[in-house]
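K.L.:
3D model of this:
(chains A and B)
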Amino acid sequence: MSQTRPDAPSRVDQILDLLLDALLERQRARGERLLQPPEAPAESTATEPFIVEPPLPEPEPEPVVVEETEVAEEDESQQLQDLPPSPLLVPPGQMGRTLFRLAVGLLLFVVLVNVPITRHGVSLARVMPDSAALVIRNGLLLKSESSDEIYVLQDDRLRWISSLEAFERLGYRWQDVHVVEESFLDRFERGRPVHVLLKCKGSPHIYRIEREQKRWIKDIPTFEAEGHVWEDVRFVSCQYLRNLPDGPPIPEDAGPPPQP
Amino acid sequence: MNDLAIIETILRDRQRFFTEIREGIGLREKTRAMLVSGIVFFMLYGAVMGSTHSLLQALSSAVKLPVLFLATLVICSPTLYFFNVLFGSNQSLTQNFCLILTAITVTAVLLLSFAPIVLFFLLTTNHYQFFKLLNVAIFAITGSIGVTFLSQGMRVVSAGGREGARARRNVMRFWVVIYAFAGSQMAWTLRPFIGAPSMGFEMFRQLGGNFYANIFASIGEILGFFTVM
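P.N.:
This is a model prediction of the structure:
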């Protein structure tokens, strides 16, 4: 006959003890895993609250052990100082990949926006209405791509410079001439052409230079009717004037032009 | 792609990066990596800028923009080196070169980060002067940050030589001004980078005028002092 002793644990208590032991063992194992992260030795202090361990007897204080602990703590604090102030959200090496992807993406975009998309061969980058690069001001020199005529802008009107003679005598420079599309010139109204008037001392006649030809101006009323003023007349040698080919006189029915 | 990884070190751990330059650790590798990444980034940004005009301009700007920065680097680095030596620095020319290259690389990566914005404006605006000023502003911002990096690097690298530290700081400020002037003049010489829409493609434009007068004219146009079609 078996009798149970009154101070002996009951079967239920034994089972509970076994369960508790198993639970503690499992928690200890989990705590050890948390204590040994692969790349974060400094986290050991952070994970301590999650470790449940049975109370252990206080170890005997040994001077050597204490020194080692202090050195270890110093090393650890040094390591913590060396670490960046905040944890990196992006793992190291990720930025190189990000930059590479950004660069490749941009390259694709640059190629894409340069591919012609219209039947006129205009690409996406230039499909927006054209805009000019010129600061519009008095004295701006313009020339169309399709013509040799040069214009000077004055008071928002384009004035045709009727000869190279006029261009040079008025002090303009070739490097200041902007070549633009014909449609750009069409945006402006046309003003009076810019002419140069030549005369030599040995002759009473005045000639207007147009397209490298001299055009005889018949008389003073015609001169004034054309809007010329005496200040526009430049003096040159008669020989120079004679060397210029004759153009139609002004007015055109004035008859054959006299030679200077 | 390994060369691009150096950007992360420069941006995230610049103290260590500058310390390594001071110690002379891996200078050749660093220089090569910064050159490669800087050139690639500048090329991309140049291509974006030039795309406003034509494919030829995009290719031309892609070549000219790295040349602009590298030529300015070559022109200006001896000045910084010899003035620093004069005031007690113990750095080598290679260290100086590497430091300035750091500034240029930082500028390059920041330019790359601005590239999508520039691309966006390229596709949505038709105002040439605005686009030009936008790019000038971006270059000013990124260049300033690059020079700030250089200044920090100089302090770290020349931390050993206490003698003449104040004079070297002044040299640095003086050099930054020279660098800005030399860079802007180089940019003016190598222009166009964007390309005026009403003009044909030009590899180089004839000299004349200057960078600052042109910028003032553009600002005048933006503010309405001039009319620009």
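K.L.:
contacts and neighbour counts: CA atoms only from here.
P.N.:
Fine.
K.L.:
which stretch of helix or strand covers whatever residue of chain B ends up closest to chain A?
P.N.:
Using Cα to the nearest Cα, the closest approach of chain B to chain A is made by B:A5 at 4.3 Å. B:A5 belongs to helix B:5-12 when assigned by DSSP states H and E.
K.L.:
Can you give me the buried ones in that helix?
P.N.:
By 16 or more other Cα atoms under 10 Å in any protein chain shown, the buried positions in helix B:5-12 come out as B:5-10.
K.L.:
Would you reformat the residues you listed as CSV and include pLDDT?
P.N.:
Output for the buried residues of helix B:5-12, formatted as CSV (pLDDT from 0 to 100):
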residue, pLDDT
B:A5, 77
B:I6, 82
B:I7, 84
B:E8, 84
B:T9, 84
B:I10, 86
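K.L.:
Mind giving me the packing neighbours of the strand or helix carrying B:I178?
P.N.:
Assigned by DSSP H and E, B:I178 belongs to helix B:165-190. If you count contacts as 3 or more Cα pairs under 8 Å, 6 or more residues apart in numbering or on different chains; DSSP states H and E, helix B:165-190 packs onto helix B:55-86, helix B:211-222.
K.L.:
so which of the ones you listed is the most packed in?
P.N.:
Among these, ranked by average contacts under mean count of other Cα atoms under 10 Å in any protein chain shown, first place goes to helix B:55-86 (a mean of 20).
K.L.:
helices or strands up against it?
P.N.:
Under the contact criterion of 3+ Cα pairs under 8 Å, 6+ apart, helix B:55-86 touches helix B:27-50, helix B:93-124, helix B:165-190.
K.L.:
could those helices go into a markdown table alongside mean neighbour count?
P.N.:
Converted to a markdown table, the helices and strands packed on helix B:55-86 look like this (neighbours: other Cα atoms under 10 Å in any protein chain shown):
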| stretch | mean neighbour count |
| --- | --- |
| helix B:27-50 | 23 |
| helix B:93-124 | 21 |
| helix B:165-190 | 17 |
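K.L.:
For A:P245, find the nearest of those.
P.N.:
With Cα to Cα, the closest approach to A:P245 among the helices and strands packed on helix B:55-86 belongs to helix B:165-190: 43.2 Å.
K.L.:
Now do the closest one against helix B:211-222, angle only.
P.N.:
Orientation check (axes from the mean of the first three to the mean of the last three Cα atoms, to 10 degrees): helix B:165-190 against helix B:211-222 gives 70 degrees.
K.L.:
who's in contact with the nearest residue to B:Q185 once chain neighbours are set aside?
P.N.:
Nearest residue to B:Q185 in three dimensions, chain neighbours excluded: B:F211, at 6.8 Å (Cα to Cα, 6 or more residues apart in numbering or on different chains). If you count contacts by Cα atoms under 8 Å, 6 or more residues apart in numbering or on different chains, B:F211 has them with B:184-185, B:188.
K.L.:
With A:L153 instead?
P.N.:
Applying Cα under 8 Å, 6+ apart, the residues contacting A:L153 are A:137-142, A:159.
K.L.:
what pLDDT does residue 183 get?
P.N.:
In the absence of a named chain, chain A is used. Looking at A:S183, its pLDDT reads 79.
K.L.:
Switch to chain B, please.
P.N.:
91.
K.L.:
is it fair to say B:S89 lies in a helix?
P.N.:
No. Counting by DSSP: H, G, I helix; E, B strand; the rest coil, B:S89 falls outside a helix, being coil.
K.L.:
gap between the two ends of stretch B:17-28?
P.N.:
13 Å (Cα to Cα, to the nearest Å).
K.L.:
how much space is there between A:G96 and chain B?
P.N.:
4 Å (Cα to the nearest Cα, to the nearest Å).
K.L.:
Touching, that residue and B:I7? I think so.
P.N.:
Yes. Using Cα atoms under 8 Å, A:G96 is in contact with B:I7, at 7.0 Å.
K.L.:
Would you map the helices across chain A?
P.N.:
Assigned helices in chain A, in chain order: A:11-35, A:44-47, A:63-82, A:94-114, A:164-169, A:182-185, A:220-225, A:238-243 (criterion: DSSP state H).
K.L.:
Least confident of the ones you listed, on average?
P.N.:
For the helices of chain A, where the average pLDDT is lowest is helix A:44-47, sitting at a mean of 40.
K.L.:
Can you flag the buried ones in the contacts of A:L153?
P.N.:
A:140-142, A:159.
K.L.:
Find me the pLDDT at the residue of the stretch 151-260 of chain A found nearest chain B, would you?
P.N.:
Of all residues in the stretch 151-260 of chain A, A:V180 sits closest to chain B, at 5.5 Å by Cα to the nearest Cα. Note on A:V180: pLDDT of 79.
K.L.:
Tell me how far it lies from A:G191.
P.N.:
A:V180 is 18 Å from A:G191, by Cα to Cα.
K.L.:
Which one of the two is surrounded by more residues?
P.N.:
A:V180 (20 against 16; other Cα atoms under 10 Å in any protein chain shown).
K.L.:
In chain B, where is pLDDT below threshold?
P.N.:
Scanning chain B for pLDDT under 70 picks out B:1-2, B:159-163, B:197-199, B:207-209, B:222, B:224-229.
K.L.:
go with 80
P.N.:
Along chain B, segments meeting pLDDT under 80 span B:1-5, B:88, B:125-127, B:157-165, B:196-200, B:205-229.
K.L.:
For A:R192, give me the pLDDT.
P.N.:
89.
K.L.:
Enumerate every residue touching the residue lying closest to it once chain neighbours are set aside.
P.N.:
Distance criterion Cα to Cα, 6+ apart; nearest residue to A:R192, sequence neighbours excluded, is A:R159 at 5.6 Å. Residues near A:R159 by Cα under 8 Å, 6+ apart: A:151-153, A:190-194.
K.L.:
burial measure for A:S123, as a count.
P.N.:
21.
K.L.:
Now do the contacts for the residue lying closest to B:L55 once chain neighbours are set aside.
P.N.:
Spatial nearest neighbour of B:L55, chain neighbours left out: A:N114 (6.1 Å); criterion: Cα to Cα, 6+ apart. The contact partners of A:N114, taken as Cα under 8 Å, 6+ apart, are A:123-125, B:51, B:54-55.
K.L.:
Dump the contacts of B:F211 to JSON lines, plus distance to A:L241.
P.N.:
JSON lines is the format used below for these (distance: Cα to Cα, whole Å):
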{"residue": "B:S184", "distance to A:L241": "49"}
{"residue": "B:Q185", "distance to A:L241": "47"}
{"residue": "B:W188", "distance to A:L241": "44"}
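K.L.:
picking that back up, just the buried residues from the contacts of A:R159, in PyMOL please.
P.N.:
Selection of buried members from the contacts of A:R159 for PyMOL, criterion 16+ other Cα under 10 Å:
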select buried, chain A and resi 151+152+153+190+191+194
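K.L.:
okay if I get the contacts of A:R159 as a markdown table plus distance to B:G153?
P.N.:
Below are those laid out as a markdown table (distance: Cα to Cα, whole Å):
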| residue | distance to B:G153 |
| --- | --- |
| A:Y151 | 55 |
| A:V152 | 54 |
| A:L153 | 53 |
| A:R190 | 61 |
| A:G191 | 62 |
| A:R192 | 64 |
| A:P193 | 63 |
| A:V194 | 62 |
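K.L.:
burial of the nearest residue to B:V176 once chain neighbours are set aside, as a residue count?
P.N.:
Among residues not flanking B:V176 along the chain, B:V147 sits closest, at 7.2 Å (Cα to Cα, 6+ apart). The number of residues packed near B:V147 is 23, by other Cα under 10 Å.
K.L.:
How about whichever strand or helix holds B:V147, which residues are buried there?
P.N.:
Taking DSSP H and E as the definition, B:V147 sits inside helix B:128-157. If you call a residue buried by 16+ other Cα under 10 Å, then helix B:128-157 has these buried ones: B:128-133, B:135, B:138-139, B:142-147, B:149-154, B:156-157.
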